[in-house]
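Student: only geometry, no sequence info:
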């Protein structure tokens, strides 16, 4: 599991590189809340998960001139889902793509799944 922190303000704070990598089992042991919504690693043995933390307080993002609003993220996600069937034609190593939104109470709303 990789956490990218380009501004080096959170996961990579004080580190020489703008990211941190953990084995899923180690991360689940050290920081169980990070993987809690995904029930990893047992339910998804080989996968890549993108977790986009949305922040409403722009104080956490000091170098961003115009922070993205939640609606901006959802618009981008909708466009990604719309274009996904075309992009799948060009991906040789990808077997399956599942896109979902984590809802209140830990429920994941499936937006699309392509094989």
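Tutor: Thanks, I have the structure now. What you see is a predicted model; the values in this text were computed from it and never measured.

Student: all contacts plus neighbour counts: C-alpha atoms, from now on.
Tutor: Fine.

Student: what's the span of stretch 90-108 from first residue to last?
Tutor: 27 Å (Cα to Cα, to the nearest Å).

Student: can I assume residue 112 sits in a helix?
Tutor: No. Counting by DSSP: H, G, I helix; E, B strand; the rest coil, residue 112 falls outside a helix, being strand.

Student: From residue 84, how far out is it?
Tutor: In terms of Cα to Cα, residue 112 sits 9 Å off from residue 84.

Student: quick one, which of these two is more surrounded?
Tutor: Taking neighbours as other Cα atoms under 10 Å, residue 112 and residue 84 compare with residue 84 leading, 16 against 13.

Student: And the strands in the protein?
Tutor: Using DSSP state E, the strands of the chain run over 2-4, 19-21, 97-102, 108-114.

Student: burial of residue 32, as a residue count?
Tutor: By the criterion of other Cα under 10 Å, residue 32 has 14 neighbours.

Student: ok and the longest helix anywhere in the chain relative to strand 108-114, angle-wise?
Tutor: The longest helix of the chain (DSSP state H) is helix 70-88. Computed by axes from the mean of the first three to the mean of the last three Cα atoms, to 10 degrees, the angle separating helix 70-88 from strand 108-114 equals 30 degrees.

Student: Report the mean confidence score over helix 70-88.
Tutor: For helix 70-88, mean pLDDT rounds to 86.

Student: just checking, what packs against it?
Tutor: Helix 70-88 is packed against strand 108-114, with contacts defined by 3 or more Cα pairs under 8 Å, 6 or more residues apart in numbering; DSSP states H and E.
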